Structure formats: structure tokens, C-alpha cells
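A.B. asks: this one's sequence-less:
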């Protein structure tokens, strides 16, 4: 015969007892789950605050489409890992929340942040973690004692080419042509600030893209540039 004492009877659920700062080990997983839920809620509130929920979604789609375009180009020339890992830092809170807040759809949100603050914290975070930007390749010159650009390794030069092509395709849409990346470079100040060697190599590849199209340019990159073969002016200098 089973005896049921008052101590062993099922006790009614009490929210006050369940949610207590002195929870037992058995209740700790629930406390942890609650903490994670609160964290997620805070993240959602941060995105929604200021009416930027739609912008956050648009920004997410833009950077994901951009990464797809870069991945497509990198895969064609054999840079598999760089294609997969390109711009992953854009999904971190430091970069993503800025991108959502300043999203415009026709230019980088970093530009809008820079106009408002005088600098872009998102861009500083990004350029220090992504080696396909020439700004990453700067160091203190022992001759001038100021920070100066150094030549980019070729595999990151090529990733920069793919990045610029992809950015033009995403922001220009149907207006994009094979000349777009070169025109953008020539209009900006990047070309006079990056290392002369990097600038010359980048302009040569983008000029080839304008004149001969993607297929021929990507073949040249794969068979010549990434194989370490000399550029035409380097061949002439060695004669």
C-alpha cells in the first residue's frame, strides 16, 4: 500500500518561489535561459529604437548580397577562403548597428556616420580586421616617422579588386558597367594615398576589366597575378 504524506504531495506552482536570486543548481538552466532571452530582447530593442528596424533588414540584405558578389569573384580565381570569410566583421555589433542606423542604400553607411561625427567608428573597426583594404597595410615609416602605406600582398590586392567590383554592382544596380570600378577609383582620393605599387597594380587590373571584361580579367588574375608573375612594367624593368 502506497502512503502519500503531506510532504510528498505535489505542491502548487509558485512564480515567486521559481524566480528567486537564490536558485538551486536544478533551476540554474532556467535562469541562464532567461538571461539569454533578455539579452536577445535588448538587442532587438536596440535595433528597433529610432524606427530603424526596416533599415537593419535592408542593411543585412545589402552586406549579404555584397559578400555573395565578392565570393563569386574570389571563387572564380581560386581564393576560396577569402571568398568565404570576406567582410564577416560587418555582422558584429560595432559595425552592424552603425550600418543599420545610417543605411541609405546608395553608399556606405560609414560615409554618413563620418559626416555626422567627423569620423566613422565602424570604419576604423572594419579596416583593422580586413586585409583587403589598403588602409590595413600601413605602418610607421622609420624614415619619416609617420604612418605610411606599404605594398599589399597580391592575394589581398585581388580581394580588393573583387570588393570594389562587388560594391559598384550593389550600389549602381543596372547602371553598372565594367568601367565602373575604375571610374570610382579615379574620382576618389584613394589612388593618391595608397602605396604607389598597389595603386599601379590596381589601376592596371581595373583598366583591363574596363577594356576586356570580367572573363579575360579573371583569367589574367588567376594565371598571372596570383601566380606571382611580373606585371608588364616589371618585365620591362628586368630587361
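C.D. replies: Nice, thanks for sending it over. All figures in this text were calculated on a predicted structure; none of them were measured in a lab.
A.B. asks: and the gap between residue 146 and residue 195?
C.D. replies: Distance check for residue 146 against residue 195: by CB to CB, to the nearest Å, it reads 14 Å. From N, CA and C alone the C-beta is placed, and that goes for glycine too.
A.B. asks: of the two, who's got more company?
C.D. replies: residue 195 (16 against 8; other CB atoms under 10 Å).
A.B. asks: so what's the residue count around the residue lying closest to that one once chain neighbours are set aside?
C.D. replies: Once flanking residues are discounted, residue 195 sits nearest to residue 149: 4.1 Å by CB to CB, 6 or more residues apart in numbering. When neighbours are defined as other CB under 10 Å, residue 149 has 19 of them.
A.B. asks: now residue 206
C.D. replies: Using other CB under 10 Å, residue 206 has 23 neighbouring residues.
A.B. asks: can you give me the buried ones in the one helix or strand it maps to?
C.D. replies: Counting by DSSP states H and E, the element that carries residue 206 is helix 196-220. Buried residues in helix 196-220, defined by neighbour count with 16 or more other CB atoms under 10 Å: 198-199, 201-202, 205-210, 217-218, 220.
A.B. asks: try stretch 68-75
C.D. replies: Buried residues in stretch 68-75 (16+ other CB under 10 Å): 69, 70, 71, 73, 74.
A.B. asks: let me know the average pLDDT across that stretch.
C.D. replies: Computed over stretch 68-75, the mean pLDDT rounds to 98.
A.B. asks: for residue 227, helix, strand, or coil?
C.D. replies: Put simply, residue 227 is coil when judged by DSSP: H, G, I helix; E, B strand; the rest coil.
A.B. asks: excluding its backbone neighbours, what's nearest residue 186?
C.D. replies: That would be residue 203: by CB to CB, 6+ apart, it lies 8.0 Å from residue 186.
A.B. asks: quick check, the one you found in contact with residue 181.
C.D. replies: No - here residue 203 does not reach residue 181: they are 10.2 Å apart, not a contact under CB atoms under 8 Å.
A.B. asks: pull up the overlap in contacts between those two.
C.D. replies: Taking CB atoms under 8 Å, 6 or more residues apart in numbering as the contact criterion, no residue touches both residue 203 and residue 181.
A.B. asks: so how many other residues sit close to the closest residue to residue 204 other than its chain neighbours?
C.D. replies: Excluding the flanking residues, the one nearest residue 204 by CB to CB, 6+ apart is residue 231, at 6.3 Å. Residues near residue 231, counting by other CB under 10 Å, number 15.
A.B. asks: shaky segments in the protein?
C.D. replies: For the chain, applying pLDDT under 70 flags the ranges 1-52.
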